[in-house]
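Novice: model the following, please.
(chains A and B)
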Amino acid sequence: MSGGAAERAGGPGGPVHEPDLAVHVEDLTVTYGSRPALWDVDLDVPPGVMAAIVGPNGAGKSTLLEAILGLTPTTAGHVYVGGRRLREARGRIGYVPQRTAVDWDFPTRVLDVVTMGLYGRLGWLRRPGAKERRLAETALERVGMADYRDRQIAQLSGGQQQRTFLARALVQDADVYFLDEPMAGVDATSEAAILDVLRDLRAEGRTLLVVHHDLQTVRTTFDWVVLLNVRVLAQGPVETTYTADNLRATYGGDVALLSGAADPTANADGAPDPTPDPAYAPHEGTRDA
Amino acid sequence: MNAIALQIVATGALVGVAASTLGTFLVLRGRALASDAIGHAIVLGIVLVWLATGATSGPLQLVGAAAAGVATVWIADALGRTRRVADDAAIGLTFPALFALGVLLLNVYARDVHIDAHTVLLGEIGFVWLDTVPVFGVAVPDALLWLSVVTLLNVGFVATFFKELELGTFDPALATAFGFAPGALGGALLALTSVTAVASFDAVGVVLFVAFTIVPAATGYLLVDRLARILWIAAGVAVASSVLGYLAASAADVSIGGGMAAATGVFFALALAFGPRYGLVAQRIRRRSERDVHENRALAVHLFQHAGTREAGEENVVGALRDHLRWSERKARDVVARSLDAGWVDRDGERLALTERGRAAAREILHPERRDAPSAR
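Specialist: All right, here's what the predicted structure looks like:
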C-alpha cells in the first residue's frame, strides 16, 4: 500500500489518490431508511486481480458495486478507481449489472445492446457507425454469441443474455470491471464461456470485481476475495483470506461452507455478526487526511 | 377532400405524429398513463395562466400548461415514493384532483369562456378551421400552426437524442454511468408531452390525445422489435388513423375525434390478431406446429427405447400408440403420417421402425449433452 502517494494534486484529470490500487474505497456508508446497507466499508483491490465479493443475502454486495459506480447515493465515504475520482475514471470502468436489471422485452437486437457499451465513448449526439459495429461484432465473437447478433434479446436464454451483457462490457475496453453475479442462473456452456473471458481479461492485466454467489468455486476461480456483510469482514488473497473462520464471521456461525454442498446463504438471514473476531476486522489501509 | 377536410385531417395527423413519437418512449418506460394525467392536468395550467395573464393561447399558455403537466407527474411520483400509495393509484389520485380544481376555477371565474367539459374530453376538431392566422397571406388554422411547431419540436428532440433516449429507457443505470442524465431526459420527455397536450387541447381533447400517445406505439411494439421501426410504424398508424377516422366519421356523421381514436383501436386490434410474430394467430399456429413436433419426437423416442428389445413386437406397432401412449385413433394416425412424411419412420404393416434420421432425432433428445459436449469447453 503506497500511502505516501497521497493527493498528488494537479494533472489533467484532477487529484490522484492511491494510484497503485485499482479500487480504493474509504469509509463508505450507504443507508436505506434507518437500516445501514453498507457500514464504513474500506476496500483496497490491487490491479490485475480477479476479486470475488462474497457474503450472505442482504449483505450489500450489489449495493457496494452501485455505490462505487455512483449509481446509489452514499451517506459517507469516497471512492477512487485507478487513483482517480469516479468522475475522471468513468471511461476506464466497465459494469455488468444483474441480468434482471433491464427489461429483456425491450425492442432491440443483441448487436444493438452490445453497441450501447460504446455510447459512453461516443458521448452526446454522435451516432454509432461501422467502426462501433465492428467492435461489437468482435466482442460477440469473444463471448461465443456471434451467431445471435440479429436476435431480439427476449429470445435469448438466461446465459446468452448474460453473455450479451458481458460483450457490452468488453467493448468498453475498461481497466476495471465490476460484475454483479455474472454466473447466476446460467447454463454450463455460458458459465464456461463467461469464465474464459474473465480469465482473459485478468491475463490482459485488467482488474475484476465480481459479486459471486457460489462459495464452492471461489478458491478455484478467484485470486482475491472480499468477505462482506454490511461491513467488510476480511479482504485479501484467497489463499490466506478465504478461511473457515472468516466465512463463519461473515455468514454468522453455522455454515457448512468449504466442505458441504449446502447453500450457506440459506441459513444466514443477512444479519451482521454483532461480535466479530477483531482479527478479521476490516483491513486498515493507510489513511490520508 | 376539400380544404376544410384537409385541415381537419392534417390536424389529426400532426397530433398523431407528435404524440406517438413521445408515446413510444412513454410506453416502453411503463409511463403511458402519464399522458392521461398530463392531458387532464393541463386544464388547471391553462386556467391559471389565463387568470394570471389573460392569455388563452400562445407561448405563455404552452409554458404554463407544460409546467402543470410536469408538476402532476412529479406529485404522482412523490406520492408513489411514500410507498403508502401504489404508483398507478398515485396517478389516479393526482390528476382528477387537479383537473377538478381547474374545472371549478373555470366555473367560478369564466362562465362565458368556450372551454367546457365536452370540449376538454373530445375537442372540436371539426371546427379547427374557424380560428385562423395569416401566414404569408394564407389563412392557416391557429391549431395547425402550433401543432406544426410542436411536431417539429418533438420529432427533432427524438431524432437528436435518439441514442440517449434509447439507452436511458433500456438501461438507466448505464446511461447514468455514461453521464447521459436519463432523469433530465425523462423530464424533457414529460415536458414535451405536456406541450403537445396543450397544443392538441382545443383541437382533439384528452381522449384522442391519449389514444394517439399510447395506441400507435403499442401497435408498433406488436409488429416489430426494433425501436426505430416502432417509431416509424407508430407515426404511420397515427396518420392513417386520422385519414380513415375522418372518412368513416364523415360518412357516418359522427364525432370526428371519436372516429380517429376508434381507428387507432382498429389498427391495434389488427396487429394483435395478425401480427407476424406476436400476433395471436401467429402464436396459435406456432404453438400448434410445436405441438406437432413434440408428438413426432415422442413417437421417435418411444420407438427408439423399445427397438431391438423383446417387447418391440408389442410396443412398436400402431395399436400400441393407442393403448400405451393413450393417443386417440385419429391422433395416432396423424402422428404416424407426419413421421412417415418427415422420413423418421418406416412402416411395415402394423410394425413401425425408425429410420436412421428418426434414430438421430431420438438420440439428440435423449442425450443432448453429447451434442453440446464439443462446444461446452
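
Novice: return the residues in contact with the closest residue to A:A174 other than its chain neighbours.
Specialist: Residue nearest to A:A174 in three dimensions, not counting chain neighbours: A:G94, with 3.4 Å by Cβ to Cβ, 6 or more residues apart in numbering or on different chains. Backbone N, C-alpha and C define where each C-beta goes, glycine included. When contacts are counted by Cβ atoms under 8 Å, 6 or more residues apart in numbering or on different chains, A:G94 touches A:117, A:169-170, A:172-174, A:176-178.

Novice: and B:V70, what does it touch?
Specialist: B:V70 neighbours (Cβ under 8 Å, 6+ apart): B:38, B:187, B:190-191, B:194.

Novice: got it, and B:A18?
Specialist: Neighbours of B:A18 in contact, by Cβ under 8 Å, 6+ apart: B:147, B:150-151, B:154-155, B:196, B:199-200.

Novice: tell me the residues of the stretch 151-300 of chain B that contact chain A?
Specialist: B:160-164, B:166-167, B:169-171, B:173-180, B:221, B:224-227, B:229-230 (Cβ under 8 Å from any Cβ of the partner chain).

Novice: select from the residues you listed every entry located in helices.
Specialist: Using DSSP state H, the members of those that fall within helices are B:160, B:162-164, B:166-167, B:169-170, B:173-177, B:221, B:227, B:229-230.

Novice: quick one: low-confidence ranges for chain B?
Specialist: For chain B, the stretches with pLDDT under 70 are B:1, B:57, B:112-124, B:126-128, B:130, B:368-377.

Novice: in it, what residue is nearest chain A?
Specialist: Proximity of chain B to chain A (Cβ to the nearest Cβ) peaks at B:F178, 3.7 Å away.

Novice: need the contact list for that residue.
Specialist: Listed by Cβ under 8 Å, 6+ apart, the contact set of B:F178 reads A:90, A:119-120, B:167.

Novice: from memory B:L340 sits against B:R347, does it?
Specialist: Yes. Between B:L340 and B:R347 there is a contact under Cβ atoms under 8 Å: 6.3 Å.

Novice: now the longest helix anywhere in chain A: mean pLDDT?
Specialist: For chain A, the longest helix by residue count, based on DSSP H, is helix A:188-203. Helix A:188-203 carries an average pLDDT of 92.

Novice: can I get it in PDB? Just the C-alpha atoms.
Specialist: Extracted as PDB, the C-alpha positions of helix A:188-203 are listed here (Å, rounded to 0.1, in the frame of the first residue of the first chain):
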ATOM      1  CA  ALA A 188     -22.900 -24.700 -18.100                       C
ATOM      2  CA  THR A 189     -21.900 -23.600 -21.600                       C
ATOM      3  CA  SER A 190     -22.500 -20.000 -20.800                       C
ATOM      4  CA  GLU A 191     -20.700 -20.300 -17.400                       C
ATOM      5  CA  ALA A 192     -17.600 -21.700 -19.100                       C
ATOM      6  CA  ALA A 193     -17.700 -19.000 -21.800                       C
ATOM      7  CA  ILE A 194     -18.000 -16.300 -19.200                       C
ATOM      8  CA  LEU A 195     -15.200 -17.700 -17.100                       C
ATOM      9  CA  ASP A 196     -12.900 -17.900 -20.100                       C
ATOM     10  CA  VAL A 197     -13.500 -14.300 -20.900                       C
ATOM     11  CA  LEU A 198     -13.000 -13.200 -17.300                       C
ATOM     12  CA  ARG A 199      -9.700 -15.100 -17.100                       C
ATOM     13  CA  ASP A 200      -8.600 -13.500 -20.400                       C
ATOM     14  CA  LEU A 201      -9.400 -10.100 -19.100                       C
ATOM     15  CA  ARG A 202      -7.300 -10.700 -16.000                       C
ATOM     16  CA  ALA A 203      -4.400 -12.100 -18.200                       C
END
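
Novice: what number of residues lie near B:A184?
Specialist: 11 (other Cβ atoms under 10 Å in any protein chain shown).

Novice: circling back: give me the contact list for the following helix or strand past the longest helix of chain A.
Specialist: For helix A:188-203, the following helix or strand on the C-terminal side (DSSP states H and E) is strand A:207-211. Applying Cβ under 8 Å, 6+ apart, the external contacts of strand A:207-211 come out as A:22-23, A:45-53, A:61-62, A:64-65, A:175-182, A:198, A:201-202, A:222, A:226.

Novice: for strand A:207-211, the distance to its chain's centre please.
Specialist: 4 Å (Cα atoms, centre = their mean, to the nearest Å).

Novice: and the average pLDDT for that strand is what?
Specialist: 96.

Novice: parallel or antiparallel, list what pairs with that strand.
Specialist: Here strand A:207-211 has these sheet partners by DSSP bridges: strand A:50-54 (parallel), strand A:176-180 (parallel).

Novice: now that strand: buried residues?
Specialist: Within strand A:207-211, the residues scored as buried using 16 or more other Cβ atoms under 10 Å in any protein chain shown are A:207-211.

Novice: and that strand with helix A:188-203, angle?
Specialist: Relative orientation of strand A:207-211 and helix A:188-203, computed by axes from the mean of the first three to the mean of the last three Cα atoms, to 10 degrees: 140 degrees.

Novice: extract the CA atoms of strand A:207-211 and return them as PDB.
Specialist: What follows is strand A:207-211 as a C-alpha-only set of coordinates in PDB (Å, rounded to 0.1, in the frame of the first residue of the first chain):
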ATOM      1  CA  THR A 207      -8.900  -5.800 -12.600                       C
ATOM      2  CA  LEU A 208     -12.200  -7.600 -12.000                       C
ATOM      3  CA  LEU A 209     -14.600  -7.300  -9.000                       C
ATOM      4  CA  VAL A 210     -17.200 -10.000  -9.200                       C
ATOM      5  CA  VAL A 211     -20.200 -10.400  -6.900                       C
END
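
Novice: following the chain onward from that strand, which element is next?
Specialist: helix A:218-221.

Novice: mean confidence for whichever helix or strand comes after that next one?
Specialist: Downstream of helix A:218-221, the next assigned helix or strand under DSSP H and E is strand A:224-229. Strand A:224-229 carries an average pLDDT of 94.

Novice: can you list the residues that contact strand A:224-229?
Specialist: So strand A:224-229 is in contact with A:41, A:43, A:45-46, A:49-56, A:59-61, A:64, A:209, A:218, A:232-238, A:241-242, A:246-247, A:249-252, A:270, A:272-273, A:280, going by Cβ under 8 Å, 6+ apart.

Novice: is it correct that B:F95 is in contact with B:T72?
Specialist: Yes. Between B:F95 and B:T72 there is a contact under Cβ under 8 Å: 5.5 Å.

Novice: please consider this matter closed, and thank you.
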